[in-house]
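[1] Got a predicted structure here, sequence first:
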Amino acid sequence: MRRLLLLAALALAPCLCAQDDVRRGFDQLAQAHPTHLKVEKLPGLENGAFSATIRDQAVSGNLPCVLLVGSLHGRERTAAEACLQVAREILEDKALRDRLSSCELVIIPCLAPDARMARLHGVALPFDDDRDGKTDEDGPSDLNGDGVISQLRVKRKGGRYVAGASDPRILIEAAPGQSGEWDLYWEGKDDDGDGRINEDARGTITLANDWSIRWSDQQPGVNRLMMQLAETRALAEFLMRKHSLVAGFQLRGVGAGPEFAEGPKAMGKEDPLERDKKVVAALKKMWGEEERGALKGEAEGAGNLIDWLYESQGALAANLYLATLKTAREKEEEGEDKPPVKREKPTEEEQRQAAWLAYTPADYLEWKAFKHPQLGEVEIGGWRIDARCNPAEADVQAGANRVAGFLKSVLGATPRLEVSKVEVENKGDNLYRVRLNLHNAGRLDYRTKFSADKRIHLPLFVSLSDTKEVELLSGTRRQKHENIEAGGTATFEWFVRVTNTATQLKFEVESDRAGKLSHSVAVKDCPAITTEDE
Amino acid sequence: MMRNLKLILALALVLLCGSLENPTAQQAPEKKTDPFPGWNQRVADTKLDFRHYYPLEEVNATCEMLVKRFPELLSMKEIGRSYQDRPLYCVTLCAQKTGAHDTKPAMYIDSNIHGNEIQGTEIILVTIWYLLRNYGHEEWVTRLVDTRTFYFVPVVNPDSRHLWFATPNNPHSLRGNHRPFDDDRDGKFDEDPPNDLNGDGRITMMRRPDPNGDWVLGEDKRIMVRRKPGQPGEYRLWRSEGIDDDGDGEINEDELGGVDLNRNFPVGWQPRYRQWGAGDYPCSEPEVRACVDFISSRDNIAGMQFYHNAARMILRPPGSSSDSGVTPREDVRVYDRIGQRGERIIPGYRYLQTHDGLYEAFGTQIDFGYLGLGRFVFTNELWGGTSHEVDGIPGDGPADTRDWHDEFGNGRAYIDWKPFKHPDLGDIEIGGWDQFATRMPPAELFIEEGFRNALFTLKHAESFAELEFVSVTAEPAGAGLVRLRLALKNKGVMPTDSAMAAQRKEDTPVEVSVQGGQLVMAGLSDETFTDVRLQKGRIETLKIPRISSEQIQYAELIVKAAPGTGLKLTAHHPRAVDAATSVKTP
C-alpha cells in the first residue's frame, strides 16, 4: 500500500515530464518539422536515449554543430523537458530557418532516461557502495508511508548538525568546536542488518563525473574507472563521429550561469586560453546580464562533462541553468541605496537552504515524530529527497526560452567560411601569383585556440584544383591552416602558369566544421594583389 | 668482449643441442605416472616447436589444439573482437577437480598488445606447455595448478600480429591497432606507409650518400651511426624503406593505424596532445575494452603479467609517476621481492620502476592493473636493447648485437646494403635490420629466454597470498556457547590485498566462516586475546581486513554449538589460496 502511495505521489509530482512524453514530444515536433528535425536512437544505448538534430535536413555534409545535453545529473529532471521546449522554440523561429542550412543544433535531452524515470541521482547500474558483496540493498525508504522520501533526524547531544541561526527548520553542520544537537539521515532504515542506514542505495554512480579530464577516484559518486559507463561511452562515440562540434552545453536546474570550462590551470607563459577567454566573454554577453547575488549551482567536481568537451573535444563548453536563485539577504538588500547592515553572516549552506526554502516551500515537510525500528524515537520531515535540484514549474518555461534565445545567438555566431577574394599578381608570360582569401564571417573562431594549439582536430585545407589550363609552378597544391579567428581572414598562395586570362581558377576548401566549399573565378576577373602578405 | 661472445656462443650451442630435437621428448622426466588417462602421451604428441615464431593463425590453431587435447585443464573463450573484427581469445588453465576457475586466485597473462612485439605470445605457449607437461609430476607445478587459475590472452592485438607476419614489415612497424589514423593531419588516413621497394619481403632502411647527412659508417661498414658534432656527414638515412605515396614530399609519414593500445587504458589516461597514441578516450579501442571488461569483472585476479619487447627489463608500476606519494612502501617491498627474484631467474634483465627506469607513460596496462585495481603487475620487456651485459652476454653495442645475429641468425638478421633506383630519391641503397632482428632473439635461441620469463611469471603466481590456520582452540563459554580463538596466517609473499587496493577501496576482507555451529559474535584480537575488537553489524562471517605478507591475524569467535560438535572453519579471500581446518567443541 505504501509503495502504491509512493508511486502515485511520484506520478503526480510537478515538473516530472516522463521520458516517454519527452520522446513523444520530439517525435511530434519531427512530424511538424520534417525538413528540419531528425530524431534518432543514440547508438550503443538501449535505455531510450535519443538525439534530436535540428538543421536543414536537405543539406549534406558537416555543419558547425552546437550540442545541448540535458539531465546529466539524474535528479535535474526538468532539463530534459526544457530541452523539448528549447527545440520547439528554435524550430518555430522562422527567422532562424536560413541559418539552419549552415549550422546545426544537436539535443540529447537525457543520456539515462531509465534512471530519470526511476528518479535516481545517477545511472541505473547496480553498484556495491558499501562493498559487502551485495548491490543496492540498503537505500532510503518511505518509512511513514506518506508517499515521500524525506529526511530523518535524531536528537542527540554531540550530533553532527545544529539548527540554523536564521531559521530553526534548517539543519546545518555544526561548526568546529560547536556541539551538535542532531543526527541527520535520509528517511530509511538498516535494510541489510549491517548497522548502517542507507549506505547502499540504487543509482549512486553519477554520469556527471565520469569524464576523463581530471577524473578523480576521490570524487563522490564516481565509478571504479573513468568512462566505463555505457551512457558515457555512447556520447563519446557519438561525438567521435562528429568533428564539427563548436560548442557544447549542459543544461542544468538552478544556478548562476553560464559557467564555462576554463581549461587546465597551468598553461605556461603563452597562455592559449587567453584568446578563448575573449570568445567566452562574447558568449557571456549573448547570455545577458546575470542577476546580482545569484547562488551558484552545485559544484560539478572532477571529471565533469564541460571540461571534457573543452579539453578533449576542443569545443567551447558551459553549464547553462534554467533558473537562478537568490539568497534572502540579497533580496532584502535589493534597491537599497544605503550600505548593507553589518551582522553575522549565515553560512553559505544555510543561505542556500534558506533560499530554497523560500523558493520551493512545498518541498520542505514538517517534522513529525516516528518510532524507528533501529533508532527509536526520531522525526521525519525536512527536505524531500529530490528537492533543491529543479526550478519551480513556473520557471521552466521561462528558463527554456532564455536558453533557446542564447542558443539562437550561438547558432548565429558559428564560424562561416567564405572565399572573400581571389587576387592575382601578373608576372608576365601568363605567369601569376594567385592569392585566395578565406574569411570567417562567423562571430566565433573557426575552432578554439586550445583545440588548435593541442591539435585536437584537423586543420582546414584549401586546394588549387589540378586542371589542364593551370600549371602549378610553385607552392603546395593543397595547403592547410589551423584556425581563422572570428571575422579574420587566412591567405593561401600559389604560383601558376595559365593558358590565358579567361582561364578559370578553381579552388576547394575542406573542413571538419563546414564540409566542402568550391570556388571558381577567371583570372581576368581577379583584382590585382595590392598588399604584401598579411 | 670477444671472450664473452665465445662463452655465449658455447652456452647457446649447448642450449640448442638440448632444444633442437623434439623438446618434449628430449626433456620428458622418466617414470611418470599420468595425472589423467593418457596424459603423458598427449603431452608428448603436442610436438610444439619453439624454433620459429607463430603467425596469428598458428597461435589460434595451437591454442585450439591444446584445449581440445587437455580439456581437464584448459578451456578457451572469445573475450572480444578487434577493430577489424578478429577474435581475442582467452585460454583458461584451471584444474576443475579442485574448483571452478573463479573460486581460485588467478594470474592474468597477456602479450602482443603492440603488434610488433610478438614473442610474448610464444612465452605464453611455453608457459601453458610447461604447466601441462609437469602437472602431476613436479610437485610445485601440481600445487600451483591445483590452487590457482591462469588466464592467458596470447594476442591482444590480433590485427597487427596477423599483418606483421603476413606482409613486409620492420622490427618497429604496426605497433598500434588498425583504427585508421591521420598521423600527418592531412585529412587522409594511413595513406603513406612504408613499402617493400625491392620486393625482398621485408621493410629495411634506405640510405643515400650525402655530405650534409647526419649519418656516417661505423667501424663495421654496414652499421650506420650518427655523426658527431663537427664531423662531416656521409649519408642521409631513412629508417624505413618506402616512397612518397601521397605526393606530399614526405616519405612514410602516415603508416597503418593507429592507437597505441597500451596508452588507452582507463587509469591515468591523458588526451593525445599529452600522450601520443592515447586514442580518442579511455577504452575507445575494442581490444582494450575487451581486456578491461575481462579483468575488472574478475575479482579473483591477484597478479598480472604483460609481455612486451625490448630491452630486457622487469618493469613495475607506476608508469605515470614516480613512487613518491603514490606507491605505498609496503607494496614496493613486495614488488622488490618478486622483481629481484626475477633478476635472478632471468640474467641480464633489470628490475625497474617504469616511470623512473624507462619513461613516463599514461593510460597503460600496468597502471590500470595496479593504480586502478590494486593488483600486483609486471611488464617484461623481452630481449633487445644495448644493455645486455651480464657477464658480457651477449655484448654491449650495436656491432655486438649484429655479430650475435650474424653468428646465430646465419646472416639473416642484418641485410647487406644493395643499390636501388628510387622513384623520388634517385640512387639509394636498401639494407639494414631484418624484421625479426633487434627486438627478439633468433628463433632458435628463443626457448631459454622464453622459459626463464615463463618461470618468472609462475613464481609471481606462486607469490600470491596463501591463508593458513596456524592454531584454533575451543573452550566453553557457557549457555551452549563456545569461544574459538584462532590465528590465521598469510604465508604468501603478497598481502591479501595491496596497500594500493586498500587506498582505492578495491580491497576485500578475508572471510572466516564456521560450519557446524552458529556464529554469534566475532572480533579481531591481539596476540594474547586480551584486546578483542568486536565486529560491527550483522555477524555472518568474521571479516578480517587486509593481511600483509607473512603476517598473522588473531581473532575470537563466539559460536553456538553442542558439545562434541566438529566445527569446520574456512578462510576465504578471492585473491588468496583459501584455508580450512576443523576443531571439536569441548
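    Nice, thanks for sending it over.
[2] From now on I want contacts and neighbour counts done on CA atoms only, so please keep to that.
    Noted.
[3] residue ranges of the helices in chain B, please?
    B:2-20, B:23-27, B:39-46, B:56-69, B:120-134, B:139-147, B:158-166, B:286-296, B:329-345, B:354-357, B:365-367, B:398-408, B:446-462, B:499-503 (DSSP state H).
[4] Next: the stretch 101-250 of chain A.
    Using DSSP state H, counting those that start in this stretch, the helices of the stretch 101-250 of chain A run over residues A:113-117, A:230-240.
[5] Export those helices to TSV and append columns for distance to chain B.
    Below are the helices of the stretch 101-250 of chain A laid out as TSV (distance: least, Cα to the nearest Cα, whole Å):
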stretch	distance to chain B
helix A:113-117	23
helix A:230-240	7
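[6] Which of those has the lowest mean pLDDT?
    The stretch with the lowest mean pLDDT among the helices of the stretch 101-250 of chain A is helix A:113-117, at a mean of 90.
[7] what residues does that one touch?
    If you take Cα atoms under 8 Å, 6 or more residues apart in numbering or on different chains as the criterion, helix A:113-117 is touched by A:18-19, A:47-49, A:71, A:74-75, A:77, A:110, A:121-124, A:203.
[8] and what of stretch A:91-103?
    Under Cα under 8 Å, 6+ apart, the answer for stretch A:91-103 is A:33, A:36, A:54-56, A:59, A:63-66, A:90, A:408, A:411-412, A:414, A:416, A:514.
[9] Averaged pLDDT, it. What do you get?
    95.
[10] in that stretch, what counts as buried?
    In terms of neighbour count (16 or more other Cα atoms under 10 Å in any protein chain shown), stretch A:91-103 has its buried residues at A:91, A:99-103.
[11] and if you look at stretch B:439-457?
    Buried residues in stretch B:439-457 (16+ other Cα under 10 Å): B:439-447, B:449-457.
[12] quick one on the thing from earlier: for the helices of chain B, could you give me TSV that also reports mean pLDDT and distance to chain A?
    Output for these, formatted as TSV (pLDDT from 0 to 100; distance: least, Cα to the nearest Cα, whole Å):
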stretch	mean pLDDT	distance to chain A
helix B:2-20	40	45
helix B:23-27	44	44
helix B:39-46	94	39
helix B:56-69	98	29
helix B:120-134	98	27
helix B:139-147	98	23
helix B:158-166	98	21
helix B:286-296	98	9
helix B:329-345	98	20
helix B:354-357	95	20
helix B:365-367	98	12
helix B:398-408	68	37
helix B:446-462	97	25
helix B:499-503	97	10
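[13] Ranking helices and strands of chain A by mean pLDDT, which lands last?
    One helix or strand of chain A scores below all others by mean pLDDT, DSSP states H and E: helix A:2-12, with a mean of 42.
[14] Just the CA atoms of the helix or strand following it, as PDB, please.
    As assigned by DSSP states H and E, the chain's next helix or strand after helix A:2-12 is helix A:19-32. Only the C-alpha atoms of helix A:19-32 are listed here, as PDB (Å, rounded to 0.1, in the frame of the first residue of the first chain):
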ATOM      1  CA  GLN A  19      10.800  10.300 -20.700                       C
ATOM      2  CA  ASP A  20       8.200   8.800 -22.900                       C
ATOM      3  CA  ASP A  21       6.500  12.200 -23.000                       C
ATOM      4  CA  VAL A  22       9.800  13.900 -23.900                       C
ATOM      5  CA  ARG A  23      10.400  11.400 -26.700                       C
ATOM      6  CA  ARG A  24       6.800  11.700 -27.900                       C
ATOM      7  CA  GLY A  25       7.100  15.500 -27.900                       C
ATOM      8  CA  PHE A  26      10.200  15.300 -30.000                       C
ATOM      9  CA  ASP A  27       8.500  12.900 -32.400                       C
ATOM     10  CA  GLN A  28       5.600  15.200 -32.800                       C
ATOM     11  CA  LEU A  29       7.900  18.100 -33.400                       C
ATOM     12  CA  ALA A  30       9.700  16.000 -36.100                       C
ATOM     13  CA  GLN A  31       6.400  15.300 -37.700                       C
ATOM     14  CA  ALA A  32       5.600  19.000 -37.700                       C
END
